[in-house]
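S.K.: Sequence plus predicted model, see below.
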Amino acid sequence: MNQKLKVGIIGAGTIGKVHASYFQQQQDTEVAAIADVQLAAARQVAEQFDIPTVHESIDALLQDKQIDAVVIAVPNLFHEALVIQALKEGKHVLIEKPLAIDLKSARNIVRAQKESGKVVMIPHQLRWDAVSLAIKEQAAKGALGQIYYAKTGWFRRKNIPGWGSWFTQQKLSGGGPLIDVGVHMLDLAIYLMGSPKPVSVFAAAYSEFGGKKKGIGTWGTPNWNGSFDVEDLASAMIRFDNGATLQLEVSWAAHTIAENNGSFLHLMGSEGGAAIQGDTGKFLLEQFNRTGDIDITSSSAAEDPRSLMIRHFTDCIQQKAEPVTNAYSGFVNMAIIEAIYESAREGKLVEVDMGGLEE
């Protein structure tokens, strides 16, 4: 890339700052502008990360001809409108997870991306973690055989983010821990399973902490005059078209032991298995009538997953290629999440609605 990719950040919150920091570290990218509905917040982040231009509105940033790509890091409700507007302005888009607040919006984004020919990518950085990369490599070689069952999730004992803010309001977020952190593990599990097509879901969701203002974490800024009308724990069994099943469990707050806290993924295949707990992993096998575990080690020189993810984004733009975490993968995740919420509400098995799009 002869000229640096000029990036605009939309959203001056915590995750917007994370993206600004990582894009500024890359040799072939430059964070050239930022905008937020809170102008003072945008100015503060601009000063912190040496961003030369602060636009007084998001529209102004999207219309800025010097900007090649935008990072959208705003509440889920606004994802669809901003992605579509950015594409119409000729920008590539890195859209924070989840792709959209609901399945209808996700479907609209995929259609808009196809019409635009621009890159739309979701920064599911866990796919670029060294352990994940090692498991994907072996799974692709057939070392695990047919992955027929998997279990994944992310338990937090006391970590409800920004109580009363957009995080905990259904109309702005679309849900609680399932759509917040569960989508990361759902995405990673399906990817490592070989991306089978989801067919049906049976699920349950609970809200036992948030309404009592218990289980509060440190992420985000609370608004004690706000509200909490989302789940704080969800569980689901997902069936795929190849017969495989995936158990998903996630919480923001739960009375669970410390050993359960954090992210986890366990893949069980016909020839072998793999397990991830936090940032460590193992391959699981049976040879000579004995079981064995092989630690998955990553070099101290292994590159940061977010840096690898950003490089993939810029490579896709330069090479006019489709990212591995493309808009369609986000649509699949949202189809499952919407089915989970429906199943939890109705207390019955729900078919996953994959209609209206072709990959």
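M.R.: Ah, there it is.

S.K.: List the residues that contact Lys17.
M.R.: Listed by Cβ atoms under 8 Å, 6 or more residues apart in numbering, the contact partners of Lys17 are Val45, Gln48, Phe49. All C-beta spots, glycine's among them, are computed from the backbone N, C-alpha and C.

S.K.: Give me the buried entries from those residues.
M.R.: Taking 16 or more other Cβ atoms under 10 Å as the criterion, what is buried in those is Val45, Phe49.

S.K.: Let me have the contacts of Lys17 in CSV, extended by secondary structure and pLDDT.
M.R.: As requested, the contacts of Lys17 are exported to CSV (DSSP: H, G, I helix; E, B strand; the rest coil; pLDDT from 0 to 100):
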residue, secondary structure, pLDDT
Val45, helix, 98
Gln48, helix, 97
Phe49, helix, 97
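
S.K.: want to try a markdown table for the contacts of Lys17, with distance to Gly269 as columns?
M.R.: Putting the contacts of Lys17 into a markdown table (distance: Cβ to Cβ, whole Å) gives the following:
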| residue | distance to Gly269 |
| --- | --- |
| Val45 | 44 |
| Gln48 | 46 |
| Phe49 | 43 |
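
S.K.: Which one of the contacts of Lys17 is nearest to Ala100?
M.R.: Nearest to Ala100 among those, counting by Cβ to Cβ, is Val45 at 24.6 Å.

S.K.: which residues does the closest one contact?
M.R.: With contacts defined as Cβ under 8 Å, 6+ apart, Val45 is in contact with Ile9, Ala12, Gly16, Lys17, Ala20, Ile34, Asp36, Ile51.

S.K.: which SSE is Leu99 in?
M.R.: Remark: Leu99 resides in no helix or strand, with elements defined by DSSP states H and E.

S.K.: Quick check, it in contact with Ile122.
M.R.: Yes: Leu99 sits in contact with Ile122 when judged by Cβ atoms under 8 Å, with a separation of 5.8 Å.

S.K.: so what sits against both of the two?
M.R.: Any residue near both Leu99 and Ile122 by Cβ under 8 Å, 6+ apart counts here, and that gives Ala327, Gly330.

S.K.: Comparing these two, which shows the higher neighbour count?
M.R.: With neighbours defined as other Cβ atoms under 10 Å, Leu99 and Ile122 compare such that Leu99 has more, 30 against 25.

S.K.: Could you list the alpha-carbon positions for the helix or strand harbouring Ser132 in CSV?
M.R.: Element membership of Ser132 [criterion: DSSP H and E] is helix 130-140. Coordinates of each C-alpha in helix 130-140 appear next as CSV, following Å, rounded to 0.1, in the frame of the first residue of the first chain:
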residue,chain,number,x,y,z
ALA,A,130,-2.6,-17.8,18.6
VAL,A,131,-4.5,-20.7,20.2
SER,A,132,-7.5,-20.3,17.8
LEU,A,133,-5.2,-20.1,14.8
ALA,A,134,-3.4,-23.4,15.9
ILE,A,135,-6.7,-25.2,16.3
LYS,A,136,-8.1,-23.9,13.0
GLU,A,137,-5.0,-25.1,11.2
GLN,A,138,-5.3,-28.6,12.7
ALA,A,139,-9.1,-28.8,12.2
ALA,A,140,-8.6,-27.8,8.5
